[in-house]
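1. Sharing a model that was predicted from the sequence below.
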Amino acid sequence: MTLLIGANLDLYTIVWADTRTTSYYPVIGPIHQDGDHKIIVSNAGLLTGSGNKDVLDFVKQEFLSKDFLHTNDILDFMKKEVIPMIEDFQIRYPYMNIITCFLLSYITTLNNETKLRLALIHPQWDYDMGFYDDSIVIMPHDASEESARIHNETLRQSLIKLDNRISTQASDDEYIGFLLGSIISNVKIIAKHFTQISQESSCVSHDLDIVIHILNGSLIYFYGKSCDIMKGIVKFSIIPVARQFRVFSPAIFDEGETIEI
């Protein structure tokens with residue numbers, strides 16, 4: 001089960017996912033494999049998920065091949081096609097304690113104001129959307145409830161939001177500098193949590209994908225090991241426009257300008 005971390009920092013959101021998948025066999029036990037890149041972008045926004053791999057792969061392919069023009073389209077798809085798959089799996093494998101959920105970042109207009117929304121589609125809300133104005137950590141199934149509580153609480157207290165007035169009061173160059181500085185600072189904070197959780201759970205890889213969703217629609221893709229990112233050793237690529245359908249993976253670094261710090 002994937003470790004997911006999402007943060008809504010008003011001017012941008014951050015979506016994290018590790019790359020490990022775990023298969024369970026009756027005699028052998030769990031088999032871990034890294035290299036499964038789970039964050040995608042489509043016209044609906046950024047999407048990733050945690051839980052049953054067959055369900056996650058199905059949803060990923062549907063989002064990459066179809067237009068979801070409204071959140072109602074997403075919820076309708078979940079109720080008609082995704083929930084029956086999850087329920088069928090639970091009937092066939094009642095002993096598997098796997099919760100399947102999805103994290104979505106998208107741009108919308110509320111009260112004539114463009115805003116970023118971070119939504120969790122989770123069975124605790126019958127696969128409706130719950131919205132976050134701060135951060136959320138979706139822990140792997142082998143993590144304790146106490147560990148989940150601690151990481152969620154401390155992450156919310158640690159992340160720093162930029163003053164929204166910066167976008168109107170600063171020059172373009174100053175704004176970009178403030179924004180990148182804020183992003184890198186918060187990415188390093190989250191990397192610390194990611195590193196700790198990867199040491200606690202065998203279901204979490206040490207490498208991870210990170211996508212920053214900026215209010216103007218641009219995306220920034222980071223990839224690396226959490227212990228390196230925590231120290232500020234990171235590679236990233238800026239993608240000017242989010243209107244494309246793709247999986248985020250290190251192959252992006254072969255397509256254009258890559259920045260290493």
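-> Good, I have the coordinates.
2. what bits of the stretch 151-261 of the chain have low per-residue confidence?
-> Applying pLDDT under 70 to the stretch 151-261 of the chain flags the ranges 167-168, 242-243, 256-261.
3. give me that answer again for 90
-> 162-177, 216, 231-235, 238-245, 254-261 (pLDDT under 90).
4. Okay, strands next: where are they in it?
-> For the stretch 151-261 of the chain, the strands defined by DSSP state E, counting those that start in this stretch cover 207-214, 219-225, 235-239, 246-247, 259-260.
5. Of those strands, flag the one that's most buried.
-> strand 207-214 (a mean of 24; mean count of other CB atoms under 10 Å). In this view, the C-beta of every residue, glycine as well, is placed from N, C-alpha and C.
6. can you list the residues that contact that strand?
-> Counting by CB atoms under 8 Å, 6 or more residues apart in numbering, strand 207-214 makes contact with 11-19, 34, 37-39, 41, 45-46, 105, 107, 116, 179, 183, 187, 190, 194, 219-226, 229, 242, 248-249, all of which sit outside it.
7. same deal with stretch 97-105?
-> 1, 4, 6, 8, 13, 15, 44-52, 55-56, 59, 74, 78, 86, 89, 116-123, 129, 136, 138, 141, 213.
8. Please enumerate the helices of the stretch 151-261 of the chain.
-> 166-169, 172-200, 226-230 (DSSP state H, counting those that start in this stretch).
9. Can I get those helices in TSV including distance to D209 and mean neighbour count?
-> Shown next, in TSV, are these (distance: least, CB to CB, whole Å; neighbours: other CB atoms under 10 Å):
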stretch	distance to D209	mean neighbour count
helix 166-169	27	12
helix 172-200	11	17
helix 226-230	11	21
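10. Between those helices, which one is closest to Y95.
-> Nearest to Y95 among those is helix 172-200; the distance by CB to CB comes to 23.1 Å.
11. Summarise which helices and strands that closest one is packed against.
-> Where contact means 3 or more CB pairs under 8 Å, 6 or more residues apart in numbering; DSSP states H and E, helix 172-200 is packed against strand 4-8, strand 12-18, helix 145-158, helix 166-169, strand 207-214, helix 226-230.
12. now the angle between strand 207-214 and the first one, please.
-> Strand 4-8 runs at 20 degrees relative to strand 207-214, counting by axes from the mean of the first three to the mean of the last three CA atoms, to 10 degrees.
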